[in-house]
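Dropping the sequence and predicted coords here.
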Amino acid sequence: MRWGADRWRFYRLIGREITRSARDTYARLTGRPDILARARVTALVIAPHDLRTSDATFADDIYAGLFVFAGRSLSVSGRSPFDYAPPSPEWADLLYGFGWLRHLRAADTALARANARAFVADFIAGRGDAALARPTPVAARRLISFLCQSPLVLEGADHAFYQAFLKALGKAARELEGDLRRGISPQTRLLAAVALCYAGLCCEGIQPILRRATRILVRELERQILRDGGHRSRDPRFAMELLLDLLPLRQSFLSRSIDPPEALLHAIDRMLPLLRLLRHPDASLSHFNGMGATAADHLATLLVYGGAQAQPMMHAPNSGYERLEGGRVLVVADVGAPPPLPDSINAGAGCLSFEMSSGPQRIVINCGLPASGPELRRLARSTAAHSTATVADTSSCRFLVGGGAWYERWAVTWLSHRIGPVILRGPRAVKAERTRDEGATILAARHDGYARDFGIVHERRWRLTGTGHVLEGEDAFLRSDAPGRAKGRHRPQEAAVRFHLHPAIAARGLDDGRLELTSPIGEVWHFGAEGAEIALEESVYFAGLTGARRTDQIVLYVAITDDTRIRWGFARAQTRGG
């Protein structure tokens, strides 16, 4: 992490978190008694529908003692998975979230029901690491999973297990309700409110929780869902997962003959079109700000609710995304500033990056967020992991990592544990404009992420023809007079403009200096550039369905002295077979 001008932000953040921690401790010690402290869940009245698709083959793996989550696997050899140290933190989150119970339900056998009940009984009995199970997002996901999969777990259960299960639900609800009184992150607060609304609708005996949770849900949806339907974090994955919870929640309100809150209905209506904007023809979402591999079946399920023939929106000014279409070609661009600090734990430094598809084949990609691994995730969030420009081998955002003196490194570790690896500083002035010219769509955007340290403003312009045969681009590096403290900020700087290619694209150099890109669907594209050297280098695609994959990247190297411009373009040469 480059300290310099960011140090004051860092210390201000430390002060804020210390104050918040002290308030949390004081609230726990002196807060008013919880009205739910004596409440008990007396019965389950409904079970919400789980929209996440299930696969009985996963149940076969679980029968065999193999638990595969977040790209990591663990073989338990006949023992409980809660008896082992988890292979990664992300793996542990998924295990203790119990979302995998839906795969046992898909098997629809007495053995699957018995296994599910045994795993839940192990957890209720205290097996496993309580510290891994306690984080609010994990506890909220587990409560939702228990409620959604209660028919699976309770069928054939005896009275003692049924009572223990109800007791566990009540305890989880009370703990989450207590978490809402503390200074948890906005995304976590929203997820906890959703889980508590589920509990209030599904369980008898804790009715007061529904009124309180609904008020918080309404408030957080109004704060966090932007007018164009994006979430404040700009994370497509979080938005998709949230919708998978909100749609059944809406139905649960109706099942109990309770009118869903208007904020819930409006949020759902706004969020679905934005997912369409970010969707590529290969049924996956663009890799921006925390998006990794897309569960295509989950996305398809959501889009059915928005109407099979619904058209995607093209312009999302609040979320900072743009969509360009021409013929078979689609371009999705990130033209937004980083999200607010509390919402930026997965956000990337990818301002002015883009992805490009032709038909069902993606050509230009961002590297995407891997399923697990803090170091790999840090790399995937850097500017160099996006199809945009990097100045002086530096990201356009400053992340909460590293440190200077030992006490600063300790503080970074403490802050990362409390709030995650957030973005301390990034582009502030990000502007974008769309126009039309002779049937082509033109998108122009700029950001000042390099202005403070290097005195450089990055501008990018895309021009996609109406037929989709040509995508022309221009990157400009303009000297800025914005105030800055970095020494030598007006010295010549090196810049690299990257275009990461999908692993299925085969690239080779041509005699005239251009590159030839061949896709599996038979298309051949040529890439050329003016004003910069073209290099073909190795890259990595973190968001592959089977894990990280090797791929290639096109890199344009340029030295920035005064205002510097380079032009580049993709032109479809031919399509084999037609």
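Here it is on my side, so go on.

and residue 298, how many residues sit next to it?
Neighbourhood size, residue 298 [other CB atoms under 10 Å]: 16. Where you see a C-beta, it was placed from the backbone N, CA and C, and this is true even at glycine.

Retrieve the pLDDT associated with it.
If you check residue 298, the pLDDT there is 92.

do the same with residue 31
In this model, residue 31 carries a pLDDT of 53.

For the closest residue to residue 392 other than its chain neighbours, give me its contacts.
Once flanking residues are discounted, residue 392 sits nearest to residue 493: 4.9 Å by CB to CB, 6 or more residues apart in numbering. Neighbour list for residue 493: 391-392, 454, 456, 559-560 [criterion: CB atoms under 8 Å, 6 or more residues apart in numbering].

The same query, at a cut-off of 6 Å, please.
391-392, 454, 560 (CB atoms under 6 Å, 6 or more residues apart in numbering).

Enumerate the beta-bridge partners assigned to it.
Beta-bridge pairing of residue 493 under DSSP bridges involves residue 560.

Residue 445 versus that one, what's the distance?
Residue 493 sits at a distance of 20 Å from residue 445 (criterion: CB to CB, to the nearest Å).

go on, residue 105?
46 Å.

Those two - which one has more neighbours?
residue 445 (23 against 20).

Show me where the stretch 451-578 of the chain has its strands.
Listed in chain order, the strands of the stretch 451-578 of the chain (DSSP state E, counting those that start in this stretch) span 456-464, 470-479, 493-501, 506-509, 515-518, 523-530, 533-541, 549-560, 564-575.

what's the answer for the stretch 101-250 of the chain, then?
For the stretch 101-250 of the chain, the strands defined by DSSP E, counting those that start in this stretch occupy 203-204.

all helices of it, in order?
Under the criterion DSSP state H, counting those that start in this stretch, the stretch 101-250 of the chain contains helices at 101-107, 110-124, 130-133, 136-148, 150-154, 159-179, 186-202, 207-224, 236-255.

which residues sit against stretch 529-538?
507, 552-553, 555-558, 566-568.

mind showing which ranges of the stretch 351-500 of the chain have poor pLDDT?
Within the stretch 351-500 of the chain, the stretches with pLDDT under 70 are 402-419, 481-490.

re earlier: dump the helices of the stretch 101-250 of the chain to a markdown table, plus distance to residue 303.
Shown next, in a markdown table, are these (distance: least, CB to CB, whole Å):
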| stretch | distance to residue 303 |
| --- | --- |
| helix 101-107 | 20 |
| helix 110-124 | 29 |
| helix 130-133 | 33 |
| helix 136-148 | 21 |
| helix 150-154 | 27 |
| helix 159-179 | 30 |
| helix 186-202 | 21 |
| helix 207-224 | 21 |
| helix 236-255 | 10 |
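
Can you say which of these is nearest to residue 263?
The minimum distance between residue 263 and the helices of the stretch 101-250 of the chain falls on helix 207-224, with 4.3 Å, by CB to CB.

helices or strands next to the closest one in the packing?
In terms of contacts (3 or more CB pairs under 6 Å, 6 or more residues apart in numbering; DSSP states H and E), helix 207-224 is packed against helix 186-202, helix 262-278.

again, 8 Å this time
Applying 3 or more CB pairs under 8 Å, 6 or more residues apart in numbering; DSSP states H and E, one finds that helix 207-224 contacts helix 159-179, helix 186-202, helix 262-278.

so can I have a markdown table of the ones you listed showing mean neighbour count?
Formatted as a markdown table, the helices and strands packed on helix 207-224 follow (neighbours: other CB atoms under 10 Å):
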| stretch | mean neighbour count |
| --- | --- |
| helix 159-179 | 18 |
| helix 186-202 | 24 |
| helix 262-278 | 20 |
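
looking at the ones you listed, which is closest to residue 253?
Of the helices and strands packed on helix 207-224, nearest to residue 253 by CB to CB is helix 186-202, at 6.6 Å.

angle of that closest one against helix 159-179?
140 degrees (axes from the mean of the first three to the mean of the last three CA atoms, to 10 degrees).

Please save the CA atoms from helix 186-202 in PDB.
C-alpha atoms of helix 186-202 as PDB (Å, rounded to 0.1, in the frame of the first residue of the first chain):
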ATOM      1  CA  PRO A 186     -24.200  -2.200   5.400                       C
ATOM      2  CA  GLN A 187     -24.200  -5.400   3.300                       C
ATOM      3  CA  THR A 188     -24.200  -7.600   6.500                       C
ATOM      4  CA  ARG A 189     -27.000  -5.500   8.000                       C
ATOM      5  CA  LEU A 190     -29.100  -6.100   4.900                       C
ATOM      6  CA  LEU A 191     -28.500  -9.800   4.900                       C
ATOM      7  CA  ALA A 192     -29.300 -10.100   8.600                       C
ATOM      8  CA  ALA A 193     -32.600  -8.200   8.200                       C
ATOM      9  CA  VAL A 194     -33.600 -10.500   5.300                       C
ATOM     10  CA  ALA A 195     -32.800 -13.600   7.500                       C
ATOM     11  CA  LEU A 196     -34.800 -12.200  10.400                       C
ATOM     12  CA  CYS A 197     -37.800 -11.400   8.200                       C
ATOM     13  CA  TYR A 198     -37.700 -15.000   7.100                       C
ATOM     14  CA  ALA A 199     -37.700 -16.100  10.700                       C
ATOM     15  CA  GLY A 200     -40.500 -13.800  11.700                       C
ATOM     16  CA  LEU A 201     -42.700 -15.100   8.800                       C
ATOM     17  CA  CYS A 202     -41.800 -18.800   9.200                       C
END
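
Relative to the whole chain's centre, how far out is it?
19 Å (CA atoms, centre = their mean, to the nearest Å).

Now do it: which elements does it pack against?
Using 3+ CB pairs under 8 Å, 6+ apart: helix 186-202 touches helix 136-148, helix 159-179, helix 207-224, helix 236-255.

With adjacent residues omitted, what lies nearest to residue 203?
Using CB to CB, 6+ apart, the closest residue to residue 203 is residue 41 (4.5 Å).

List the contacts of that neighbour.
Per CB under 8 Å, 6+ apart, neighbours of residue 41: 166-167, 169-170, 173, 203-206.

Farthest pair within the residues you listed?
Farthest pair in those (CB to CB) is 167 and 204. Separation: 13.7 Å.

before we move on, the earlier item: what subset of the contacts of stretch 529-538 is buried?
507, 552-553, 555-556, 558, 566-568 (16 or more other CB atoms under 10 Å).

Can you add distance to residue 87 and pLDDT and give the residues you listed back as TSV?
Converted to TSV, the buried ones among the contacts of stretch 529-538 look like this (distance: CB to CB, whole Å; pLDDT from 0 to 100):
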residue	distance to residue 87	pLDDT
507	35	97
552	30	97
553	30	98
555	34	98
556	39	98
558	42	95
566	44	97
567	47	98
568	42	98
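
how about stretch 61-69: buried residues?
61-62, 67-69.

Can you list which of those are found in helices?
Under the assignment DSSP state H, those contribute 61-62 to helices.

who's in contact with the nearest residue to residue 510 once chain neighbours are set aside?
Excluding the flanking residues, the one nearest residue 510 by CB to CB, 6+ apart is residue 516, at 5.5 Å. The neighbours of residue 516, taking CB under 8 Å, 6+ apart as the test, are 507-510, 524-527, 573.

All set, thanks.
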